[in-house]
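Peer 1: generate a structure from the sequence data that follows.
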Amino acid sequence: MTDAPAMRFNRVAPWLVAILLLATAWVLADRYLDTGGSGDVTILQPGECDLNVAPCTATHPAGGTLTLEIAPRPVPMLQPLALTLDLDATARTHLGDPEALELDLAGVEMYMGFQRPRLEHTGDGRYAGETTLPICTTEAMTWAATVMPAGDPDAARVQFRFVTRRSHSDTP
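Peer 2: Residues are numbered from 1 along each chain as shown. Predicted coordinates for the structure are as follows:
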């Protein structure tokens, strides 16, 4: 005598496992694979220009340049920072010469909280603002500073990366 429910389960089980594996692969691919959505974002790495030493200039994918300066240098943690972003005429045309921009500051290695200072237009393509970076428990932290017109993450096209280092006087 055969057990009908067991036979039915044996026929359905491989399909259930296959569907589960497919769903898992889809979620992992979406999370970890570059699907090209950020392919039109210019990322300026610390090896290409070091914001701890001087202002850095990146090319906007649609044309023009953006120059970011952070002071004081080297970039400290837990101290007020002056942020200045200069856009040339071509970049201003592509960004629409907004009244303000936001600079999203995110930790690359770990989440460091929400940091998005507003940069106010001060005239002639210059934007200025202030922020303070939190301290990290590791000796060095890589930051991604993404320029966002009107705070719109989908409109972001330029990202500057820089490294902060903990001094011996800093306390975690």
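Peer 1: so what's the nearest residue to Gly129 once chain neighbours are set aside bridging to?
Peer 2: Using CB to CB, 6 or more residues apart in numbering and skipping the chain neighbours, the partner closest in space to Gly129 is Leu119 (4.1 Å). To be clear about C-beta, it is placed using only N, CA and C from the backbone, and glycine gets the same treatment. In this structure, Leu119 bridges to Leu101 when assessed by DSSP bridges.
Peer 1: then Thr84?
Peer 2: Glu69, Ala128.
Peer 1: does it really touch Tyr127, like I thought?
Peer 2: Yes. Between Thr84 and Tyr127 there is a contact at 7.2 Å, judged by CB atoms under 8 Å.
Peer 1: hmm, who's touching the strand ranked longest in the chain?
Peer 2: Ordering each strand of the chain by length in residues (DSSP state E) puts strand 140-149 first. Residues from elsewhere that reach strand 140-149 (CB atoms under 8 Å, 6 or more residues apart in numbering): 41, 43, 46, 51, 66, 68, 70, 77, 85, 95-96, 98, 101-110, 112, 116, 133, 153, 155-166.
Peer 1: go again using 7 Å as the cut-off
Peer 2: Residues outside strand 140-149 that contact it (CB atoms under 7 Å, 6 or more residues apart in numbering): 66, 68, 85, 95-96, 98, 101-109, 155-156, 158-165.
Peer 1: what's the first helix or strand after that strand?
Peer 2: Counting by DSSP states H and E, the element after strand 140-149 in chain order, helix or strand, is strand 158-165.
Peer 1: any buried residues in that following strand, and which?
Peer 2: Across strand 158-165, burial judged by 16 or more other CB atoms under 10 Å covers Val158, Gln159, Phe160, Arg161, Phe162, Thr164.
Peer 1: now it against strand 140-149, angle please.
Peer 2: Orientation check (axes from the mean of the first three to the mean of the last three CA atoms, to 10 degrees): strand 158-165 against strand 140-149 gives 150 degrees.
Peer 1: any low-confidence regions in this protein?
Peer 2: Applying pLDDT under 70 to the chain picks out residues 1-2, 25, 27-39, 151, 168-172.
Peer 1: now with 90, please.
Peer 2: Judged by pLDDT under 90, the chain has its weakly predicted residues at 1-41, 62, 93-98, 112-113, 135-139, 149-156, 166-172.
Peer 1: where along this protein do the strands fall?
Peer 2: 42-44, 56-59, 65-71, 80-87, 100-107, 118-123, 126-132, 140-149, 158-165.
Peer 1: so what are the domain limits for the protein?
Peer 2: By the record's domain assignment, the chain is partitioned as 1-33, 42-165 (automatic domain parsing).
Peer 1: which of these is buried the deepest?
Peer 2: A comparison of these by mean neighbour count, using mean count of other CB atoms under 10 Å, puts domain 42-165 on top with a mean of 16.
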